[in-house]
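# fold the stuff below for me.
(one chain, ligands or ions: 1)
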Amino acid sequence: MKYVFGPVSSKRLGQSLGVDLLPSKSCTWNCLYCQLGKTRNFVTERQEFFPRQEILEEIRQSLKVSTNLDWITFVGSGETLLYKGIGWLIAETKKLTTVPVAVITNGSLLYLPEVREELLFADALLPSLNAGSEALHNRIDQPASGLTFQQHVEGLIAFRQEYKGRLWIEVMLLGGINDSDEALHDLASVLKQINPDMVHLVLPTRPAPEQQVQLPTPERLERAIAILSEIATVVNPLKGSMDLRNAADLCEAVTAIVSRHPVQQRELQKAIADCFPDDSAKVEEVMLELFATGRFKLVEHNGEQYWVMRME
Ligand code: SF4
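Now for the predicted structure:
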């Protein structure tokens, strides 16, 4: 297969079939933490890099052999939205399967109305926002000339207003760079304007060739979770997919996560137990209350119980 890979298993998207739409490395940014190495030549012009029919055919073939998928994820060896025709691919993929479609992107082209329009039928969009100020954005993401922080934020805000799917903003937390209280408060204030459904904190745990980035300390990570949780549910990168301790509304937070991918019952119990460290009886009570909402159902897979959404 040239374009389709996986399924890969991740904490954030469960079992996901990946579709790579770009030649490596085609990007509008040159992030400090990029696992693909430095961006030698920026690409900012959208193109149909590979024939869309060829890509769709691979998706069709892969769906015949891949079962138990939670997501089909469009992602690129660079910036995914540079692929002109992604909207067509999303629409055609959705004709082939009921598996939801996610798009991972840096979000730098969302300021373009035609790009936003192409994404309206995706079930989830995961764009990046690593800074709440122009200076830090330029330091971390190093965008191509002509792409500004203001454009990036305005694109995200406009998209949120038009988009009915799930908007999960990805924040790469870099030790000593964007993990100070000031940087986190700046970020929170921009996130507030955007109003995402969730914030996914991610860490530079994988090697980034030619780059030097540090993990944040556990204290700074906790601080980031506390500050950003005031805006939206935050997915803690160290705690599986669930950290409910700062959730304003437990039921809404669990719904937001279970609607993304099935959650092991054991993991949910553990996350709830973390919310009530001095009251072990509370776990059972909260689990029953959540189940009584009628939003969820239990399914068994490989001997494990999972919570999934109950469809209407
Ligand atoms: S947006 Fe992604 S591919 Fe582009 S430089 Fe940043 S991490 Fe690398």
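# for the rest of this, base every contact and every neighbour count on C-alpha atoms.
Noted.
# C-alpha coordinates for stretch 274-287, PDB please?
This file holds the C-alpha atoms of stretch 274-287, laid out as PDB (Å, rounded to 0.1, in the frame of the first residue of the first chain):
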ATOM      1  CA  ASP A 274      -8.600   9.200  40.700                       C
ATOM      2  CA  CYS A 275     -11.400  11.800  41.100                       C
ATOM      3  CA  PHE A 276     -12.400  10.500  44.500                       C
ATOM      4  CA  PRO A 277      -9.200   9.300  46.100                       C
ATOM      5  CA  ASP A 278     -10.700   9.200  49.600                       C
ATOM      6  CA  ASP A 279     -14.000   7.600  48.800                       C
ATOM      7  CA  SER A 280     -13.700   4.200  47.100                       C
ATOM      8  CA  ALA A 281     -17.500   3.600  47.300                       C
ATOM      9  CA  LYS A 282     -18.000   6.600  45.000                       C
ATOM     10  CA  VAL A 283     -16.700   4.800  42.000                       C
ATOM     11  CA  GLU A 284     -19.500   2.300  41.800                       C
ATOM     12  CA  GLU A 285     -22.100   5.000  42.400                       C
ATOM     13  CA  VAL A 286     -20.700   7.300  39.700                       C
ATOM     14  CA  MET A 287     -20.400   4.400  37.200                       C
END
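# buried stuff in that stretch?
The neighbour-count check on stretch 274-287 (16 or more other Cα atoms under 10 Å) flags D274, C275, V283, V286 as buried.
# quick one: mean pLDDT over that stretch.
If you average the pLDDT over stretch 274-287, you get 90.
# distance between it and the chain's centre?
Relative to the centre of its chain, stretch 274-287 is centred 29 Å away, using Cα atoms, centre = their mean, to the nearest Å.
# ditto for stretch 185-197
Worked out by Cα atoms, centre = their mean, stretch 185-197 lies 15 Å from the chain centre.
# show me where the stretch 101-250 of the chain has its helices.
113-118, 134-141, 149-162, 181-194, 218-228, 250-258 (DSSP state H, counting those that start in this stretch).
# possible to save these as JSON lines with distance to the ligand?
Output for these, formatted as JSON lines (distance: least, Cα to the nearest ligand atom, whole Å):
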{"stretch": "helix 113-118", "distance to the ligand": "16"}
{"stretch": "helix 134-141", "distance to the ligand": "6"}
{"stretch": "helix 149-162", "distance to the ligand": "12"}
{"stretch": "helix 181-194", "distance to the ligand": "18"}
{"stretch": "helix 218-228", "distance to the ligand": "20"}
{"stretch": "helix 250-258", "distance to the ligand": "24"}
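# export the ones you listed to a markdown table and append columns for mean pLDDT and mean neighbour count.
Shown next, in a markdown table, are these (pLDDT from 0 to 100; neighbours: other Cα atoms under 10 Å):
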| stretch | mean pLDDT | mean neighbour count |
| --- | --- | --- |
| helix 113-118 | 98 | 16 |
| helix 134-141 | 98 | 16 |
| helix 149-162 | 98 | 18 |
| helix 181-194 | 98 | 17 |
| helix 218-228 | 94 | 18 |
| helix 250-258 | 79 | 18 |
